[in-house]
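Enquirer: just a sequence and a predicted model for now, questions to come.
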Amino acid sequence: MAGQHSGGPSPSSTIRQEFASSLKKAIVSVYPEAKPDDEELMLSITAPQGQEWDMSSSVAFRLAKKLGANPAEIAGKLSGLMTEGSYVSKTEVTNGYLNARLDERKYASLVLARVRDHGDAYGTSSIGEGRKVIVESPSANPAHPWHVGTLRNALLGNVVSNLFEACSYEVEREDYIDDLGLQVATALWGWINISSKPDKKFDQWLGELYVRVNREMEQRPEVKKQVEALNKEMEDGVSQQAREGREMAEKCVMAHQQTAFDYRIYHDVMVWESDIVRSHLLSKVLDISSDILEKPGDGKYAGAIVIKLNRITPFARELEGSREDAKVIIRSNGAATYMGKDFAFHAWKFGLVDAGFKYRKFMDQPNGRPVYCTSPEGSPMQFGNVRRAINVIGGEQAYEQQIMRVMFSLIGHEEVTKNIFHLAHGRVNIEGSKLSARSGNWLGDGRNYTADDLLVEATKRAMEIAQKSEKITDKQNLESISRAVALGAIKFEYLKIATEKDITFSWQNALNLEGNSGPYVLYTYARAKRILGKSGDVPPLSDADAQQITRGHDFQLVKLMGMAQDVVEKACAELRPSVLTDYLLGLSSLFSKFYESMPVVKGGDAKGVRLEIVRSFTIVLANMLSLLGIATLSEM
RNA sequence: GGGCACGUGGUGUAGCUUGGAUAGCAUGACAGCUUGCGGAGCUGUUGGCCGCGGGUUCAAAUCCCGCCGUGCCCGCCA
């Protein structure tokens, strides 16, 4: 989606407002004491099933309570006073509901003109104008490839970023690179002591090495000691090993980027944990938060800097029965914990402290924009300093995220607490076992549950079907078409599941090409495109065309298309990509019914309006798919 | 010990924030639809005590209370 944001109310909210204000007028004149609330009125309006009515309000039930009267009676009185508007042509009462019917010619003209005028920008909104948001995802460890769980995180982060952009927010797509810590130290031990000669894609190779070293550590305690020593070296950041560790991690991240590009996922900036440590961001943050921190001289936490949980619990009651009574921010050896770094990092995100980061270009991206990274050498750039932060992180980290948010309240930055959103997603398990990075049960011969392999498998599957397709005229493009279908299948399959739910990964589901799936949506798009291809340019709707609209699938489809912007705003406000997938399935399914029941090219007098509907459908569908990061295909 | 998340036809799920008319969709099974704009589709049949028990309400999948089941978290790991 590109171009100007549409701004203003959507067609569907225009008609709901009209209905609501007409309801309000009627209520005020019959029951002046009822004092109807505008928002309540809007919320009472829903779309009823069936084709007879377009909007329905349950407001009479609410009023019945307030006034102690019968709902049906109230609705009856109101109905008599309802005035017609520009779009509402008729109202009636059924079972206490006030139903409204639209003038389908007028409303269809409004929606279709809007789609034609706004094109690529149809469905966008201006609600976020002037605000900046940072989205963090997927923050994979640079010690192994993206697995099917990392992919879920990355896809979520991408869609959420797209949604914010569609709502006119300025968006910074940020990736936190956790290049310190035991995972990377473990891989580095292998790099130094076993092999530094990759013979396959770097992250895959490194992941296998990492798993090997983990097994080694279980048998040889001295290896574990050496890994811990390496970890300390990397933390200190000055030794040859530390430089080697960073170098190795960068190679791994390069390989991750390849995966990201394959999935059409791009970033603006990568913040490396080792640069956070190097920048002494921590000590600056400690300065502004000294009031809430303690440094016990003895006991369990002797020598460390901690935050006592009894300071947190008044603001987060759910942490009260916790087993620990403090959270360590700086270890007794002087190194910051993950908690400490994340707290400091968020102080940077919101511009509370200046980290003095230096940046350089990490690499060019296929979208034409480079991704930058923090670096020991480089120049200052403008990143961070946002008003809102979305952290796409697994639900298992809710405890730490909660403590961190409360810490900002305690140091007097309530606005930060309120604007850190932990977008907690469920786990992705693989059939029969849990995903475990350490054991590498997802990595290796015959069981390679990586994002890369998933795409290869899905493309293969799509290819089998595409080869049989008689509709693909350009056989040269079979490979790229299959890949696009595969991407559509995978992304849709992941995103349609509610964010908070766990997923048990199965090839069967991930490669789904029919039913509630991405390929189903792409397929309806291709059919619509074929109709347009046979008809040449579609002229704008004439009055005569508008007369041909019926109350069948044609108008149902128009009504659904009129809701695009509301859907985008809702998906953005709730951080729920599945709102989009639901909408796309609804649109596609309705289009299929329309397609089966209402001839377009041979539609006679109705040809004009039906063509315009088809044309609009392709635009709306393409816009919504693009928010999911899915590209359309004219043939498949 | 405490907390968080999830529980909806055989299977996978939407709806729960903001209570509202026959709980939506897919898949599976069965039966149909192509000399019609693309059958990766459409139509029909089958299949649900919305985990259980209370409560609030004119009205509960939705809100409240209590249970049960599953997963996760409560580390000077990240």
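Expert: It's in. Numbers count the residues shown, from 1 in each chain, chains lettered A, B, ... in the order given.
Enquirer: quick one: the residue nearest to A:Asp54 when sequence neighbours are not counted and A:Thr46, what's the gap?
Expert: Distances taken as Cβ to Cβ, 6 or more residues apart in numbering put A:Leu102 closest to A:Asp54, at 4.4 Å, once the chain neighbours are dropped. Every C-beta, even on glycine, is put in place using the N, C-alpha and C of the backbone. Spatial separation of A:Leu102 from A:Thr46 under the definition Cβ to Cβ, to the nearest Å is 14 Å.
Enquirer: between those two, which one's more packed in?
Expert: The neighbour comparison of A:Leu102 against A:Thr46 (other Cβ atoms under 10 Å) goes to A:Leu102, with 25 against 12.
Enquirer: residues contacting that one?
Expert: Counting by Cβ atoms under 8 Å, 6 or more residues apart in numbering, A:Leu102 touches A:Ile15, A:Asp54, A:Met55, A:Tyr87, A:Val88, A:Ser89, A:Lys559.
Enquirer: all strands of the stretch 201-350 of chain A, in order?
Expert: Here the stretch 201-350 of chain A has its strands, by DSSP state E, counting those that start in this stretch, at A:269-272, A:305-308, A:326-330.
Enquirer: average pLDDT for the last one?
Expert: Same thing as strand A:326-330. Across strand A:326-330, the average pLDDT comes to 96.
Enquirer: can you tell me what sits against the lowest-mean-pLDDT helix or strand in chain A?
Expert: The helix or strand of chain A with the lowest confidence, counting by mean pLDDT, DSSP states H and E, is helix A:507-510 at a mean of 84. Helix A:507-510 is contacted by residues A:Val148, A:Leu454, A:Glu457, A:Ala458, A:Ala489, A:Ile490, A:Glu493 when judged by Cβ under 8 Å, 6+ apart.
Enquirer: need the helices for the stretch 301-450 of chain A, in chain order.
Expert: Along the stretch 301-450 of chain A, counting by DSSP state H, counting those that start in this stretch, helices occupy A:309-312, A:338-349, A:398-410, A:414-419.
Enquirer: of those, which stretch is the most buried?
Expert: helix A:338-349 (a mean of 23; mean count of other Cβ atoms under 10 Å).
Enquirer: residues of the strand or helix carrying A:Lys529 that come out buried?
Expert: Element membership of A:Lys529 [criterion: DSSP states H and E] is helix A:518-535. When neighbours are counted by 16 or more other Cβ atoms under 10 Å, the buried residues of helix A:518-535 are found to be A:518-529, A:531-532.
Enquirer: didn't A:Leu590 look like it was pressed against A:Phe555?
Expert: No: applying Cβ atoms under 8 Å as the test, A:Leu590 and A:Phe555 come out as separate, 10.5 Å apart.
Enquirer: isn't A:Ala622 right up against A:Thr632?
Expert: Yes: the criterion here is Cβ under 8 Å, and A:Ala622 meets it with A:Thr632 at 4.9 Å.
Enquirer: anything in contact with each of these two?
Expert: Taking Cβ under 8 Å, 6+ apart as the criterion, A:Ala622 and A:Thr632 both touch A:Tyr525.
Enquirer: wait, what's in contact with A:Tyr399?
Expert: Under the contact definition (Cβ under 8 Å, 6+ apart), the residues listed for A:Tyr399 are A:Leu319.
Enquirer: return the distance of it relative to A:Arg369.
Expert: Plainly put, A:Tyr399 is 36 Å away from A:Arg369 if you go by Cβ to Cβ.
Enquirer: what are the structural domain limits within chain A?
Expert: Listed domain ranges for chain A are A:11-102, A:133-430, A:451-627 (source: automatic domain parsing).
Enquirer: just send these back as a markdown table, with distance to RNA strand B too.
Expert: Formatted as a markdown table, the domains of chain A follow (distance: least, Cβ to the nearest atom of the strand, whole Å):
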| stretch | distance to RNA strand B |
| --- | --- |
| domain A:11-102 | 3 |
| domain A:133-430 | 2 |
| domain A:451-627 | 2 |
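Enquirer: possible to save these as TSV with distance to A:Asn441?
Expert: Compiled in TSV, the domains of chain A are given as follows (distance: least, Cβ to Cβ, whole Å):
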stretch	distance to A:Asn441
domain A:11-102	47
domain A:133-430	8
domain A:451-627	12
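Enquirer: comparing the ones you listed by mean pLDDT, which bottoms out?
Expert: Of all those, domain A:11-102 carries the lowest average pLDDT, namely a mean of 90.
Enquirer: identify each buried residue in stretch A:187-200, please.
Expert: Under 16+ other Cβ under 10 Å, the buried positions of stretch A:187-200 are A:Ala187, A:Leu188, A:Trp189, A:Gly190, A:Trp191, A:Pro198.
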